[in-house]
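*Asks:* the sequence and its predicted three-dimensional model are supplied below.
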Amino acid sequence: MTREVEARAQEPEGQILSVFDVLHEVISEPGFRGCAFANAAAEYPHHARTARKTAELLLAARRPASTGDGAAAKRATG
């Protein structure tokens, strides 16, 4: 998603708006079944701690893209 957002806009303000555009496109696709991380946490209640912790770690890795110049996100995603 980071690459798609950066391809659409160079300025931080435009990138923020692009995040919502990309998310809208993804969730509007036929067959979209929701957030894989939330689904995993809900579908495996006996492993809820593991699934939740994994989801939190992966989502935390995405947060740097929404702050600063995105340099931390680029390092995390390559």
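*Replies:* Now that the structure is in, tell me what you want to look at.

*Asks:* which stretches of the chain have low pLDDT?
*Replies:* Low-confidence segments of the chain, defined by pLDDT under 70: 45-48, 63-78.

*Asks:* can you rerun that using 80?
*Replies:* In the prediction, the chain carries residues with pLDDT under 80 at positions 37-38, 40-56, 58-59, 61-78.

*Asks:* longest helix in it, please.
*Replies:* Counting by DSSP state H, the longest helix found in the chain is helix 12-28.

*Asks:* what is it packed up against?
*Replies:* helix 2-8 (3 or more C-beta pairs under 8 Å, 6 or more residues apart in numbering; DSSP states H and E). For glycine as for every other residue, the C-beta is placed from the backbone atoms N, C-alpha and C.

*Asks:* show me what the helix it packs on is packed up against.
*Replies:* In terms of contact count using 3+ C-beta pairs under 8 Å, 6+ apart, helix 2-8 is assigned the packing partners helix 12-28, helix 71-77.

*Asks:* and the end-to-end length of stretch 30-39?
*Replies:* Distances were taken as C-alpha to C-alpha, to the nearest Å; on that basis the terminal residues of stretch 30-39 are 17 Å apart.

*Asks:* and for it, what are the contacting residues?
*Replies:* With contact meaning C-beta atoms under 8 Å, 6 or more residues apart in numbering, stretch 30-39 is reached by Val26, Ala51, Thr54, Ala55, Leu58, Leu59.

*Asks:* could you redo the last one with a cut-off of 7 Å?
*Replies:* Where contact means C-beta atoms under 7 Å, 6 or more residues apart in numbering, the residues beyond stretch 30-39 that reach it are Val26, Ala55, Leu58, Leu59.

*Asks:* now it: buried residues?
*Replies:* Within stretch 30-39, the residues scored as buried using 16 or more other C-beta atoms under 10 Å are Phe37.

*Asks:* any idea which of the contacts of stretch 30-39 has the most stuff around it?
*Replies:* When neighbours are taken as other C-beta atoms under 10 Å, the top entry among the contacts of stretch 30-39 is Ala55 (17 neighbours).

*Asks:* tell me how far the nearest residue to it once chain neighbours are set aside lies from Met1.
*Replies:* In space, not counting the residues next to it along the chain, Ala55 is nearest to Phe37; the distance is 3.5 Å by C-beta to C-beta, 6 or more residues apart in numbering. Between Phe37 and Met1 the distance is 14 Å, computed by C-beta to C-beta, to the nearest Å.
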